[in-house]
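Novice: sequence and predicted model, in that order:
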Amino acid sequence: MTLKIGLFVGREWSFPPAFIEEVNRRDEGVIAEYVKIGGTVMDEPCPYAVIIDRISHEVPYYRTYLKNAVLQGTRVVNNPFMWTADDKFFEASLATKLGIASPKTVVLPNKQYVPGIIHPDSLRNLDAVDWDGIIRYLGLPVVLKDAHGGGWRDVYICQSKEELIYSYDQSGLLTMIAQEFIEWEHYVRCMCLGQQEVLPMKYDPKERKYHVEHAHLSPELGQRIVAESLALVQALGYDMNTVEWAIRDGVPYAIDFMNPAPDMDIYSLTPFYFDWAVKGMASMAIRLAKEAQPQLQEMRWNQLF
């Protein structure tokens with residue numbers, strides 16, 4: 001019987017057809033195609049051995065469908081239960097528990113709330129934010145960003161307490177974290193696939209650009225970054241992720257590793273890294289389809305970490 005890999009995608013045009021073509025041309029008894037759904041019955045069987053999820057963080061119906069798919073025995077990349085629960089503050093704490101360097105981080109109360117939340121009544125547990133204490137802990141400048149965000153959206157570099165409070169006041173319903181700013185001399189973004197493969201790429205956050213330089217890390221630093229990237233994605237259970245490292249005084253700090261739908265566009269990655277990502281994703285998806293190991297056993301949180 002031919003095994004099927006389904007693909008959920010959003011506004012990306014280079015990776016999806018390249019991935020589907022790469023899987024299908026290998027002729028390994030596995031085919032890939034776009035998932036098509038339009039209303040789902042409870043406990044509905046899922047026809048796919050594996051589903052690659054690139055967009056459910058922006059389409060709630062897809063996320064709901066994928067949770068049911070996991071119940072039906074489908075391997076979903078990435079696990080929708082973990083992805084739903086994940087946030088950048090949790091990840092900072094996780095890195096610390098794993099003994100991995102990470103910037104000091106504080107999670108902040110929301111600035112605004114949905115209608116029906118009455119401040120004197122609904123928020124009786126909430127105390128005032130100690131901005132002076134936060135700055136003493138983090139130092140200046142401070143990075144303010146969405147705890148659930150990605151793609152460098154809603155990220156502010158704040159040089160003073162006044163600037164931090166002003167940026168926080170613009171955050172609306174978002175849950176923000178304040179983070180120590182790491183003045184880096186080298187920045188690395190690692191593409192991590194299948195909890196096995198790690199590709200450390202030189203990246204410039206200021207230019208938002210990858211640089212194809214194969215010897216940009218010393219052997220020792222490269223080995224450390226690969227090992228710690230694997231520790232992070234294995235703890236989270238992510239088969240598709242990027243881990244970003246800011247290197248200061250020779251020490252890699254895990255800046256951001258909540259990227260379960262990483263940018264795989266050819267114009268972002270460069271053709272060289274794009275080819276690696278497409279072939280790696282195809283190999284991983286085919287392997288997972290043939291292994292037929294559902295994620296039901298991973299749904300206990302204490303077994304994930």
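Specialist: Nice, I can see it. Numbering: from 1, shown residues only.
Novice: in terms of helices and strands, where is the residue nearest the centre of the chain?
Specialist: Closest residue to the average C-alpha location of the chain: N259 at 1.8 Å, with CA atoms, centre = their mean. Element membership of N259, judged by DSSP states H and E, is empty: it is in no helix or strand.
Novice: kindly report the same for L7.
Specialist: strand 3-8.
Novice: got a list of what the closest residue to P45 other than its chain neighbours touches?
Specialist: Distance criterion CB to CB, 6 or more residues apart in numbering; nearest residue to P45, sequence neighbours excluded, is Q72 at 5.5 Å. C-beta here means a position set from N, CA and C on the backbone, and glycine is covered the same way. Counting by CB atoms under 8 Å, 6 or more residues apart in numbering, Q72 makes contact with 43-46.
Novice: over to Q159?
Specialist: So Q159 contacts 140-141 (CB under 8 Å, 6+ apart).
Novice: check the one 10 residues further on too.
Specialist: For D169, the contact set (CB under 8 Å, 6+ apart) comprises K111.
Novice: and it, what pLDDT?
Specialist: Model confidence at D169, expressed as pLDDT, equals 97.
Novice: tell me where the chain has strands.
Specialist: 3-8, 30-34, 50-53, 75-77, 105-107, 142-146, 155-158, 176-180, 186-193, 197-204, 209-211, 240-248, 251-256 (DSSP state E).
Novice: so what strands line up beside the fifth one?
Specialist: Listed by DSSP bridges, the sheet partners of strand 105-107 and their directions read strand 176-180 (antiparallel).
Novice: which residues are contacting the partner strand?
Specialist: 88-89, 92, 103-108, 110-111, 134, 138-139, 142-147, 154, 164, 168.
Novice: swap the cut-off to 6 Å and go again
Specialist: 88-89, 103-108, 134, 138, 142-144, 147 (CB atoms under 6 Å, 6 or more residues apart in numbering).
Novice: repeat that for stretch 1-20.
Specialist: Taking CB under 6 Å, 6+ apart as the rule, stretch 1-20 contacts 29-32, 34-35, 47-55, 62, 264-266, 278, 281, 285, 289.
Novice: restricted to buried residues, select those residues in ChimeraX.
Specialist: The buried subset of those, as determined by 16 or more other CB atoms under 10 Å, is captured in ChimeraX by this line:
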select :30,32,35,48,49,50,51,52,53,54,62,264,266,278,281,285,289
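Novice: hmm, G149 and T175 touching each other?
Specialist: No. The pair formed by T175 and G149 falls short of the contact definition of CB atoms under 6 Å, at 9.5 Å.
Novice: all helices for the stretch 1-150 of the chain, in order.
Specialist: 15-25, 60-71, 80-85, 88-97, 119-122, 131-138 (DSSP state H, counting those that start in this stretch).
Novice: so what does the fourth one touch, helix or strand wise?
Specialist: What that stands for is helix 88-97. strand 105-107 (3 or more CB pairs under 6 Å, 6 or more residues apart in numbering; DSSP states H and E).
Novice: just give me the neighbour total for D27.
Specialist: 8 (other CB atoms under 10 Å).
Novice: any idea how far the residue nearest to the centre of the chain is from T64?
Specialist: To T64, N259 is 22 Å away according to CB to CB, to the nearest Å.
Novice: redo the strands of the chain as JSON lines? Include mean pLDDT.
Specialist: Shown next, in JSON lines, are the strands of the chain (pLDDT from 0 to 100):
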{"stretch": "strand 3-8", "mean pLDDT": "98"}
{"stretch": "strand 30-34", "mean pLDDT": "98"}
{"stretch": "strand 50-53", "mean pLDDT": "98"}
{"stretch": "strand 75-77", "mean pLDDT": "97"}
{"stretch": "strand 105-107", "mean pLDDT": "98"}
{"stretch": "strand 142-146", "mean pLDDT": "97"}
{"stretch": "strand 155-158", "mean pLDDT": "94"}
{"stretch": "strand 176-180", "mean pLDDT": "97"}
{"stretch": "strand 186-193", "mean pLDDT": "97"}
{"stretch": "strand 197-204", "mean pLDDT": "96"}
{"stretch": "strand 209-211", "mean pLDDT": "93"}
{"stretch": "strand 240-248", "mean pLDDT": "97"}
{"stretch": "strand 251-256", "mean pLDDT": "96"}
